[in-house]
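S.K.: fold the stuff below for me.
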Amino acid sequence: MMKVTNNYIFLIIIFFCISVNAADVQVQINGAILDQSCNIKSTDLTKNVVFDDLNPSNFPSLGSVSNVQEVNIELENCTGNIDKMYYIFSGDEDSSDPSLLKIIGQAGSSSEDLASGIAIQILDTNKKAIALNKNQSLNQIITDKIYSFKFFLRYKSTNSTVTPGDASSLLYLDFYYE
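M.R.: Alright, predicted model coming up:
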């Protein structure tokens, strides 16, 4: 009698093992194999550029500019021989000159608190003006694992009268590879 009971227990265990239901799992894989790429150094993912306080009299006429502020973004882990790198500076365009970055103020600023008659100009490493929201070619081959991407910022008057106030803004920089 004991032997028959053990067989039933064994059959019950087999029954439970056989009757297990399977479920399909879908795993979506996303990625890319790039011949050329670099990473932005983590400490350079956010940059704060601070200008010295300026007076409206520093901008005596339309098109007057401030001193430049240099900005360096370090690219690392570059794969070498990167020859098709592009970048774009993006942000809100100034209504007087869409190639310039609009003054939007810091978070919580009202329009009454903002400086007017002024915008921010972006300059390349040769201090040549770069248009906002337009793709640019680096026109250089990156052969080292580390590359310093340098550009400059400055204020530029967009009106013959500049009024004082918060002259802050927000600029984005994206890199592309082909």
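S.K.: in a strand, Phe89, correct?
M.R.: Yes: when DSSP: H, G, I helix; E, B strand; the rest coil is applied, Phe89 is found to be in a strand.
S.K.: what is it paired to in the beta sheet?
M.R.: Leu173 (DSSP bridges).
S.K.: which other residues reach the host helix or strand of Ile122?
M.R.: According to DSSP states H and E, Ile122 maps onto strand 118-123. Residues from elsewhere that reach strand 118-123, judged by CB atoms under 8 Å, 6 or more residues apart in numbering: 59, 65, 68, 89, 94, 96-97, 99-103, 129-130, 132, 151-159, 162, 167, 169, 171. For the C-beta atoms, the positions are set from N, CA and C on the backbone; glycine is no exception.
S.K.: show the buried residues in those.
M.R.: Burial by neighbour count, 16 or more other CB atoms under 10 Å: within the contacts of strand 118-123 this picks out 59, 89, 94, 97, 99-103, 130, 132, 151-158, 162, 167, 169, 171.
S.K.: what sits against the closest residue to Asn39 other than its chain neighbours?
M.R.: Leaving aside its chain neighbours, Asn39 sits nearest to Asn77 (4.7 Å; criterion: CB to CB, 6 or more residues apart in numbering). Counting by CB under 8 Å, 6+ apart, Asn77 makes contact with 38-39, 145.
S.K.: which of those tops the neighbour count?
M.R.: Counting neighbours by other CB atoms under 10 Å, Cys38 comes out on top of the contacts of Asn77 with 23 neighbours.
S.K.: tell me the contacts of it?
M.R.: 75-79, 82, 85, 142, 147, 175.
S.K.: drop anything exposed from these.
M.R.: 75, 78, 82, 85, 142, 147, 175.
S.K.: dump those to CSV, plus secondary structure, distance to Ala119 and pLDDT.
M.R.: Formatted as CSV, these follow (DSSP: H, G, I helix; E, B strand; the rest coil; distance: CB to CB, whole Å; pLDDT from 0 to 100):
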residue, secondary structure, distance to Ala119, pLDDT
Leu75, strand, 28, 94
Cys78, coil, 33, 90
Ile82, strand, 32, 88
Met85, strand, 27, 91
Ile142, strand, 31, 91
Tyr147, strand, 29, 94
Phe175, strand, 24, 91
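S.K.: of the residues you listed, which is the nearest to Gly108?
M.R.: Phe175 (30.7 Å; CB to CB).
S.K.: and Asn135, how far is that from Asp144?
M.R.: Asn135 sits 24 Å away from Asp144, going by CB to CB, to the nearest Å.
S.K.: same question for Phe152.
M.R.: 22 Å.
S.K.: Glu93 too?
M.R.: Distance, Glu93 to Asp144, by CB to CB: 35 Å.
S.K.: so for those two, which residue has more residues nearby?
M.R.: Glu93 (16 against 12).
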